[in-house]
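J.: Fold the following.
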Amino acid sequence: MPNSQIRIYTQKEQGEEWLRRYRGCLPAFVCVLGFTETCLIPGISAAGRTPEDRKYTACADAEFLYYGPEHKPQYPLPPLAAGASPVLISRAVFESLKIPVNLFNAGLPHPPAVPLINLGGASAKCLSGGAAMEITTVHHLFKQGLLWGERLAANMQQSYVIFGECVVGGTTTALAILTALGIDAAGKVNSSHPICNHGQKWALVQAGLEKIMGGSEQDEIFQSQIMTSDPLKIVAAVGDPMQVVVAGMAIAASRSCGVMLAGGTQMLAVYALMSAIAQAYALSWQPEAVVIGTTRWVAEDPTGATVDLALSLEKGNLIQSGRTPPLLATGLSFADSRYPQLRAYEQGFVKEGMGAGAACIAAHLSQNWQQDKLLAAIESQLERLSTAFH
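T.: Sure thing, here's the model as predicted:
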């Protein structure tokens, strides 16, 4: 392994080749913010203690990522049941390495108090209704994704772009997309809870898919053929606005630079969507330019099965060009942190978000940061945050 701080779980050779190619490069970071009313269901997510808190998680994360701990926020970071927001990790790296941050609003109920690009999308309804978004909105967001992916990649030809997300409840919409694409994902996704609420997620997904498949078994086969011939219809039925934007951005960017999809379950769903969309719409892209970057808390989550999920992408019945992307993770550990909010990650709380894992991989790759340097930078953010307004 060329860098013990980065672990490769799938497609080892392709992953090592990608890391060799971009060693010493400084990436750009893109974060796409979105919202699904799925996150308002009690107990579905731990990214914000109450459903009301969760309406503002993306706004708070975006503000902290952009301005840092000394800025008095319009939307403070929401209280969590345990742990600290993963945005502390991303901010620590991007601030130290001076990595440019580009924020996009794909569809939020409230606009964040930061400079960002509004893509003219809309929040998604709860996926259990089987009518999460208007198909016109999905098409619009996909076009915006392609356009911005090309623009962002234009200045990064010798480097790579990290695509991150903030969508509370997004692992549940990811499960829905993966399942609708014929991938066996039940029981394999992650969550912000220490023990994943698989039963709750699966019940919602089944409800949403039954609404679109509806009726008899014969109908079901016919319906699934319609859905699968157009993956954008799947997003409209049970997805969220971030997924289709990042899929478009990453398809376009992969043609001219490296792409790291920042996250676990949600980015595996985006990758599957990219394959299905590229196939359905005959779009060119470069799968070998794309890797997934996360934290080991996601990759090795004992209550999910992220590696197994990554390997399952090959078996999706809709994605003939089905392939498994390289799944990379930072070896970052908080076991020795002096802060209980960070040590909570080792108990399975929080795990990932806002590009945290990919940020650490970028620090290892570009500056050869080791565990001690990363931990110090992250603890410093937390310290600054706790003393900022006291």
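J.: how far away is the residue nearest the centre of the chain from Gly357?
T.: The residue lying closest to the centre of the chain (CA atoms, centre = their mean) is Gly263, at 4.1 Å. Per CB to CB, to the nearest Å, Gly263 is found 7 Å from Gly357. C-betas here are computed from N, CA, C, even on glycine.
J.: Likewise for His198?
T.: 22 Å.
J.: Between those two, which is the more surrounded one?
T.: A count of neighbours by other CB atoms under 10 Å puts Gly357 above the other of His198 and Gly357, at 33 against 16.
J.: Surely Leu65 forms part of a helix?
T.: Yes - under DSSP: H, G, I helix; E, B strand; the rest coil, Leu65 falls within a helix.
J.: What is the subsequent helix or strand relative to the strand or helix carrying Leu33?
T.: Here Leu33 sits within strand 28-34, counting by DSSP states H and E. Using DSSP H and E, the next helix or strand after strand 28-34 towards the C-terminus is helix 51-54.
J.: which helices and strands sit right next to that next one?
T.: The criterion is 3 or more CB pairs under 8 Å, 6 or more residues apart in numbering; DSSP states H and E, and there are no helices or strands that helix 51-54 contacts.
J.: Could you pull out the buried residues of that helix?
T.: Pro51, Asp53, Arg54 (16 or more other CB atoms under 10 Å).
J.: Report the contact partners of Ile99.
T.: By CB atoms under 8 Å, 6 or more residues apart in numbering, the residues touching Ile99 are Leu26, Pro27, Ala28, Phe29, Val93, Ala359, Ala362.
J.: Just the strands from the stretch 151-300 of the chain, written as ranges.
T.: For the stretch 151-300 of the chain, the strands defined by DSSP state E, counting those that start in this stretch occupy 160-166, 258-262, 290-295.
J.: and the first one, which strands flank it?
T.: When you say that, I think you mean strand 160-166. As defined by DSSP bridges, the strand partners of strand 160-166 come to strand 28-34 (parallel), strand 258-262 (parallel).
J.: cool, and the last one?
T.: Using DSSP bridges, strand 290-295 pairs in its sheet with strand 258-262 (parallel), strand 327-330 (parallel).
J.: Where do the strands of the stretch 1-150 of the chain begin and end?
T.: 6-8, 28-34, 101-107, 117-118.
J.: Would you mind giving the ones you listed as TSV with mean neighbour count, distance to Lys72 and mean pLDDT added?
T.: Formatted as TSV, the strands of the stretch 1-150 of the chain follow (neighbours: other CB atoms under 10 Å; distance: least, CB to CB, whole Å; pLDDT from 0 to 100):
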stretch	mean neighbour count	distance to Lys72	mean pLDDT
strand 6-8	19	36	97
strand 28-34	27	21	98
strand 101-107	24	19	98
strand 117-118	14	24	98
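J.: Put together a markdown table for the ones you listed, with distance to Val270 on each row.
T.: A markdown table is the format used below for the strands of the stretch 1-150 of the chain (distance: least, CB to CB, whole Å):
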| stretch | distance to Val270 |
| --- | --- |
| strand 6-8 | 19 |
| strand 28-34 | 10 |
| strand 101-107 | 12 |
| strand 117-118 | 19 |
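J.: where does the chain dip in pLDDT?
T.: 1-3, 214-228, 316-322, 390 (pLDDT under 70).
J.: what's the longest helix in it?
T.: Longest helix of the chain, by residue count under DSSP state H: helix 135-154.
J.: what helices or strands is that one leaning on?
T.: strand 101-107, helix 231-238, helix 241-254.
J.: For Asp301, which of the ones you listed is the nearest?
T.: Ranking the helices and strands packed on helix 135-154 by their distance to Asp301 (criterion: CB to CB) puts helix 241-254 first, at 20.7 Å.
J.: and that closest one, how far from the chain's centre?
T.: Averaging C-alpha positions (CA atoms, centre = their mean, to the nearest Å) puts helix 241-254 11 Å from its chain's average.
J.: Report the buried residues of stretch 64-81.
T.: Result for stretch 64-81 [16+ other CB under 10 Å]: buried residues Phe64, Leu65, Tyr66, Gly68, Pro69, Pro73, Tyr75, Leu77, Pro78, Leu80.
J.: Do I have it right that Arg49 meets Pro78?
T.: Yes - between Arg49 and Pro78 there is a contact at 6.7 Å, judged by CB atoms under 8 Å.
J.: Switch the buried residues of stretch 64-81 over to TSV; also include distance to Phe142.
T.: Listed next are these as TSV, based on distance: CB to CB, whole Å:
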residue	distance to Phe142
Phe64	29
Leu65	25
Tyr66	26
Gly68	33
Pro69	36
Pro73	32
Tyr75	28
Leu77	31
Pro78	30
Leu80	32
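J.: Tell me which two of these sit farthest apart.
T.: The widest separation within the buried residues of stretch 64-81 (CB to CB) is 20.2 Å, between Tyr66 and Leu80.
J.: wait, isn't Tyr66 in contact with Ala113?
T.: No - between Tyr66 and Ala113 there is no contact under CB under 8 Å: 9.1 Å.
J.: Correct me if wrong: Leu273 contacts Met249.
T.: No - using CB under 8 Å, Leu273 is not in contact with Met249, being 11.8 Å away.
J.: How about Asn105, nearest residue that isn't a chain neighbour?
T.: Sequence neighbours aside, Asn118 is the residue nearest to Asn105 in space, at 4.7 Å (criterion: CB to CB, 6 or more residues apart in numbering).
J.: Done for today, thanks.
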